[in-house]
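Engineer: just coords:
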Ligand code: MSP
C-alpha cells in the first residue's frame, strides 16, 4: 500500500526559530496534509538536534547547563509549530533515551564490525560547522595559512572514524541509477560532481570530552562523545522504532521524502546514505534540498543577525496567510527573498483580491438572489464557459496531485489561484446580476452553483496550505464534511441543494499600506483609553522603571481562564506577577524566556493573588504577544 513518510531536519536548539526553519516545517506539513487529503497514509516527523558544540556554546553564554538550555529552547519550536497548525505525528529530541540509547547500540555494532576504527588525526577543524576540513576545502589565499581564517583551528588528537570511503563507488552508482534520490537536479549534480572528482575520506565520528562534553557517550570509549551529525541523522530511524519496534519501523522506512535546506546537502546525501548502507538499510526515496530565504541577497541566518521572527507576521496576519506566503512565494529548489513588501504584495493579490473578493461577491449574490440557499446541482458542465471554469478547477486538482510526487507546491498553488481567477472571469461573462432580471430562474441558479462548486474545489485544494481559513470557507460554502477528500475533489455536485451559504468572517481582509506602516497598538494606546497628554518628557518616561526578567515558572490562577501567575527573576530579587495572558500562552511557554516588566508598579492583589509588577505585551485585535528580549541579557537589565 502506498504510504508517505516525510521528515524535516531536526533544528538546533541554540536559538529561536526563524522563517527558514518555519519554511521546511510548513512545506512538510502541507505535503503531509495533501497526502492525507488524497487518501495516502502519512507520517510526519520533526524535532530538535540538542547535542554538540553549538548548543554547548549557547548554554555557556546563557550560564546554564546544556540540558536546561535545550529544555527552554525546545518550547519555542513547539510553540511556533502549534501556532502554525503543524500536524507532525512525532517530535523527537535527540536527548531522549529512545534516541540516545539506540545511537549507542548502532555505534557499538558498527565498532564491533570494524566499520568504526580509532586513528590519529592531525589537521584543520572548522569550529563553526563542527567539521574536519582540508586545505583544499578552505581555498586558502596564496601565501596564507588556514589558521588565519576565522573559526579554523589546527587539531591533533586520537579519534574514531567511520569507514565512509569504502562506500564511494557504491554511492556514485546509487545516485546515478536513482534519478529521484537527490532532487532537484542541480543538487544531484553538486553531490555527484563532488563524489566523482575527489576521494571520499573516512568520517570522524567522535569528539574527545576534553573539547566537547555535550553529546552521546561512545559505548566503547568513555572519554569521547559522538559527533553531533552522526547522532542527529539517526533520528530519522530512532523516531519510528528502529531496533525497538520492527513492525512500526518497517511500515515507514524507507522515507518517501527527506526535506532539507541546501546548506546541509553533504551530510544528507553523502554521510547519511553511507551510514544507512553500513547498517544494511534501504535508502530514502528522495532527499529534497530547498533553497534559502534571503534578506536582500544574503542568507537569513542567526550568525548574520538578519533573521525574521515568524511570530510577528503571524501575529499580524494570521498563520494561514503566513503559510500561504511561504509556499507560494518560494519556487521550490530556488532561493527566495523575504520582505514585508513581498508579503503584502502576495497576500493582497492572491488572497485578498482574487480569493477573498470572489468569496465575498459570490456569497453576496447567493444571499441576494437565492435567499442564501444553494440551488440543486445542474448537470455536470459539458461545454461553454461552464466547462471552462470547472475544467480550470480540475486542472488545479491534477497539478496538486502531481505536486505530491514532485513536491512543487508553489506550482500547484499557482494553478489553484489561476482557477480562482477563472471563476471571477466566469462571473463577469455570465453576469448573474443581468440573469437575475430574467423571468427564468434556471440560468441564474446554474451559474451561481457552478461558481460555488468550482470555488469549493479551489478551497479544498488550498486546505492543506491554509487549513484554518479554508476550513471556514468550506463550511461557509455548505460542504458536507469538514475535511476534503480525493473523491470529493473530482466529483461534480458535492455541495448539497438547500445548504445555507453564509459569508465566512473576513476571509483575508486587504492589508492597507497605511495600516502596515502604523506602529503596533501597544505602542500607542488609543487617546480615549488614557487621559495622558499626547507627549511626555524624558523625565516622565524615566519614572517608569522597565527591567528585564527571566520567567522561572508559571501556572494558571485557579478559578480563572485568563490569568497566569508567573515567578520571575529580576537578577537581584524574585517576584510573582499576575498577567492576563492565559488565553494566548500555555503556562510553560514562557518559562526560560526573558520578558520586560514595569518594576516599580505598586503591588496589587488580582483575584486574591499578589502581583508585584506588570509584564509588557502587545495586542492587535484578538492577538496578544508578550514582549521578549532579543538574544541573551542577564535578568534585571534596564530597558529604555
Ligand atoms: N541540526 C541540523 C540539522 C540536522 S538534521 C539531521 C541543522 N539545524 S539548523 O537549525 O541549523 O537548520 C535546520 C534547517 O533550517 C536546515 O535545513 C537549513 O537549511 C534550514 N534553514 C536555516 N536557515 C535557512 C534559510 N535562511 N532559508 C531556508 N532554510 C534555512 O542544520
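Structural biologist: That came in fine, so what should we check first? Not measured: the values here are computed from a predicted model.
Engineer: Burial check on residue 308, number of neighbours?
Structural biologist: The number of residues packed near residue 308 is 18, by other Cβ atoms under 10 Å. C-betas here are computed from N, CA, C, even on glycine.
Engineer: Do I have it right that it meets residue 21?
Structural biologist: No. Using Cβ atoms under 8 Å, residue 308 is not in contact with residue 21; the gap is 11.0 Å.
Engineer: Assign residue 156 to helix, strand or coil.
Structural biologist: Here residue 156 is recorded as strand under DSSP: H, G, I helix; E, B strand; the rest coil.
Engineer: Enumerate every residue touching it.
Structural biologist: For residue 156, the contact set (Cβ atoms under 8 Å, 6 or more residues apart in numbering) comprises 120, 121, 122.
Engineer: what helix or strand does the last one sit in?
Structural biologist: Looking back up the chat, that one is residue 122. If you go by DSSP states H and E, residue 122 is part of strand 116-126.
Engineer: State the distance from the closest residue to the ligand within the chain to residue 25.
Structural biologist: Residue nearest to the ligand within the chain: residue 261 (1.7 Å; Cβ to the nearest ligand atom). Counting by Cβ to Cβ, to the nearest Å, the gap between residue 261 and residue 25 amounts to 12 Å.
Engineer: try residue 253
Structural biologist: Distance, residue 253 to residue 25, by Cβ to Cβ: 21 Å.
Engineer: again, but for residue 4
Structural biologist: Relative to residue 25, residue 4 is positioned 16 Å away (Cβ to Cβ).
Engineer: for residue 275, same thing?
Structural biologist: 24 Å.
Engineer: Same question for residue 181.
Structural biologist: Per Cβ to Cβ, residue 181 is found 23 Å from residue 25.
Engineer: Settle it for me: which of the two has more neighbours?
Structural biologist: Neighbour count, other Cβ under 10 Å: between residue 181 and residue 25, residue 25 has more, with 24 against 19.
Engineer: Is there contact, residue-wise, from the helix or strand where that one lies to the ligand?
Structural biologist: For residue 25, the element it lies in under DSSP H and E is helix 19-37. Yes. Counting by Cβ under 6 Å from any ligand atom, the ligand is contacted by helix 19-37 at 20, 21, 23, 24.
Engineer: Neighbour-wise, give me the winner out of the residues you listed.
Structural biologist: Neighbour tally across those (other Cβ under 10 Å): the maximum, 27 neighbours, falls on residue 23.
Engineer: Helix or strand for the nearest residue to it once chain neighbours are set aside, just tell me which one.
Structural biologist: What sits nearest to residue 23 in space, not counting adjacent residues and going by Cβ to Cβ, 6 or more residues apart in numbering, is residue 326, at 5.1 Å. Taking DSSP H and E as the definition, residue 326 sits inside helix 310-329.
Engineer: tell me what that helix is packed against?
Structural biologist: Other elements packing on helix 310-329 under the criterion 3 or more Cβ pairs under 8 Å, 6 or more residues apart in numbering; DSSP states H and E are helix 19-37, helix 66-83, helix 340-346, helix 409-430, helix 467-477, strand 617-620, strand 623-626.
Engineer: how far does stretch 197-210 sit from the chain's center?
Structural biologist: Offset of stretch 197-210 from its chain centre (Cα atoms, centre = their mean, to the nearest Å): 31 Å.
Engineer: Report the buried residues of that stretch.
Structural biologist: Across stretch 197-210, burial judged by 16 or more other Cβ atoms under 10 Å covers 200, 202, 203, 204, 205, 206, 207, 209.
Engineer: Cross the residues you listed against strands and list the overlap.
Structural biologist: Using DSSP state E, the members of those that fall in strands are 203, 204, 206, 207.
Engineer: Closest one of these to residue 618?
Structural biologist: residue 207 (42.6 Å; Cβ to Cβ).
Engineer: Find the nearest non-adjacent residue to the closest one, please.
Structural biologist: Of all residues not flanking residue 207 in the chain, residue 225 sits nearest, at 5.5 Å (Cβ to Cβ, 6+ apart).
Engineer: Over to residue 77?
Structural biologist: residue 17 (5.3 Å).
Engineer: Helices along the stretch 351-500 of the chain, start to end?
Structural biologist: Taking DSSP state H, counting those that start in this stretch, the helices of the stretch 351-500 of the chain run over residues 357-370, 384-406, 409-430, 432-435, 442-462, 467-477, 486-490.
Engineer: Out of those helices, which is the most enclosed?
Structural biologist: helix 442-462 (a mean of 23; mean count of other Cβ atoms under 10 Å).
Engineer: got the angle for that helix vs helix 357-370?
Structural biologist: 150 degrees (axes from the mean of the first three to the mean of the last three Cα atoms, to 10 degrees).
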